Each structure stands twice: as C-alpha cells, then as structure tokens.
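> kindly return the folded structure for what I paste below:
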Amino acid sequence: MPTESTAFPSPPTPPVLRVIVADDNPVVRAGLTVLLSGRDDIEVVAEAGDGREAYAAAVEHRPDVILLDVRMPGVDGISALPHLVRLAPVLMMTYSRESAIVHEALRLGAGGYLVHGEFTADQLVAAVRDTRQGRHHFTPTAAGALLARVRDGTPAAEAPGPLPDGLGAAFTSTPQRSAPAHAISSASAQDAAAVRDLTPRGSAQNPSLPQANVAHSSPGVLTELSQREVEVMDLIASGMTNQQIAATCFISPKTVKNHINRIFAKLNATSRGEAIALWHTLRRGGPA
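Below is the predicted model:
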C-alpha cells in the first residue's frame, strides 16, 4: 500500500509526431504549420512547395506523417506519392476532388484523403495522429468516390484512365503502387545530399528535373542518348547505385535498369566501370 509520502510516477510523455507539409500555396502551408504546431504532440519539421522538395525533406527529416497536395508545379503530388510512401505514411490534403484522382492516390499508397472545406481543425489533427498509427481518414467526397468504386465493381487495384492536368506524368515511367515500407535505406544520407544538390533548370519535358549539360559534349555517341539517358549516365558516373538513381530521379529501379541497358548498348560498354571510363572521356571532349 502506498503511503502519503509515496509519489506515483508521471505517465510517460508521448513522442512528438513529426510532420512535413507539402503544398505549393505558401498561405496554405503557413496556416497548416501554425495549426499543427499549436498542438503539444505535433511538430512541423519542414515545408515543401512540390514533390521533389517533399522527398528531399522526407529523406532529411524522417517524418512520421507527410501531408501532400495533389496539384503542384514541377513534381505534382501523384507523381511523388509512390516514392514518398516508402519513407513515411502520406495523408493527401487537397482541393482536388475528382474521383479518378482519389482512386489513383489510394492505389499508389496514400493513407487517407482529405478535401479542403470538408474537415475541421480538430478533425485534421485527429487524421494526422491516426495516419501515423495506420488508421485511415476520408472526407465525404473521397469516401463517396470509394463507395462508387465498390458499387460499380471496379477492382481497387485497377488504375483509372488519364488523370486531369497530366497528373502523375512528371516522369517518363508510369508510377506503380509502392509498398509503404516507411523505412530509409542505409544510403539515405547520400540520397538526401543528391536530392538537395538537384536544382531545377527548366527542361522542356519536365522543368523540375535536372537538365544534363550536353552543350559542350562531343558529338557522335552522346547525340544517340536521350536527355534522360544522359542524366542517368551522369549519376552512374558520379558513383550512385541504381537505388540512389531511382530515388533521385523519382523512377523505379526497374526503369533505371532499362535505361542502363540501353545506355550500355549505345556506348558499346560491357560493364559499369567501362561505361564510366568512357563517359568521363566523352565529357572531357575526347574521342569515344
């Protein structure tokens, strides 16, 4: 029996939930940051204006939850989603209410879907906390889209048709459903450095992707490579692994292998080392 002088231990303080807010509207980001940071158990560790910034922040800060908008310039939320869910649970929070977008976001691994104007501040906070625990939240529009999918009997894993505004097409490969591993590999520090070093330079195909400097490259072999193949080969020559290249370019490892096979065929290289040696020679303007 405890005596009057016995002090019961205080309950342990719950760990702070670390959140990244990704939205291209700075007013929305600021409002969400103020709202969430006002809770004792939630900390907004980073903000991002597009999918590439969100990925870089996720690799660096290792959040517990990522709040992700759909329509953002450069790398949109649907394009970035299959890569982000490998790092942390993702809760979509957006003005986009189209049924096809809701279906695709959930197919790619989103843990919930909230449409602005359909939830209160307290409901948002509850959704963020529950997303960390693997519990899903949907506002009425998103829930209605799911209900319609169930009623018409369309398989949940089946991808919808083309999405509005070219969403999900920021990269050359088609996004596949990503298992939400929520774990960062041992090479994460190198991945983070590589992503932070990438600066958008305005590519005609995708302004968010780094554009390889081919202006001073020697003609011949280099002209046979596509811009993406030049980019991948530059990353290979920098010492990156296939996994790191996939993370940096927001493409799947299988797509990286396909690019490498085509590159090696065009370079007439039989090994990675031979391709790198040849590439450095070509970059210096020497003969192939």
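> quick one: the strands in the stretch 1-150 of the chain, in order.
Under the criterion DSSP state E, counting those that start in this stretch, strands of the stretch 1-150 of the chain are mapped to 17-22, 42-48, 65-68, 90-94, 112-115, 137-138.
> would you mind finding the longest helix in this structure?
helix 253-267 (DSSP state H).
> buried residues in the very next helix or strand once past it, which are they?
Beyond helix 253-267 on the C-terminal side, the first helix or strand identified by DSSP states H and E is helix 272-283. For helix 272-283, burial by neighbour count (16 or more other CB atoms under 10 Å) applies to 275-276, 278-279, 282-283. Bear in mind the C-beta positions are built from the backbone N, C-alpha and C, glycine included.
> could you pull up the mean pLDDT of helix 272-283?
Mean pLDDT, helix 272-283: 82.
> do the same with stretch 65-73
What stretch 65-73 shows for mean pLDDT is 94.
> and residue 122, what's its pLDDT?
So, for residue 122, pLDDT stands at 91.
> can you check the one 3 residues further on too?
What the model reports as pLDDT for residue 125 is 94.
> quick check: closest non-adjacent residue to it.
In space, and not counting its chain neighbours, residue 125 is closest to residue 39: 5.9 Å by CB to CB, 6 or more residues apart in numbering.
> quick one, phi/psi of the one you found?
Note on residue 39: its backbone torsions stand at phi -100, psi 140 [degrees, to the nearest 10].
> tell me how far it lies from residue 69.
21 Å (CB to CB, to the nearest Å).
> if we can go back for a sec, what does the longest helix of the chain rub up against?
Helix 253-267 is contacted from outside by 172-173, 221, 224-225, 228-229, 232-233, 236, 242-243, 245-246, 249, 269-270, 275, 278-279, 288, using CB atoms under 8 Å, 6 or more residues apart in numbering.
> pLDDT weak spots in the protein?
Along the chain, segments meeting pLDDT under 70 span 1-12, 150, 152-162, 165-166, 171-221, 247, 285-288.
> can you give me the helices for it?
Using DSSP H, helices in the chain cover 26-37, 51-61, 77-84, 99-107, 121-132, 140-152, 188-197, 221-224, 227-237, 242-249, 253-267, 272-283.
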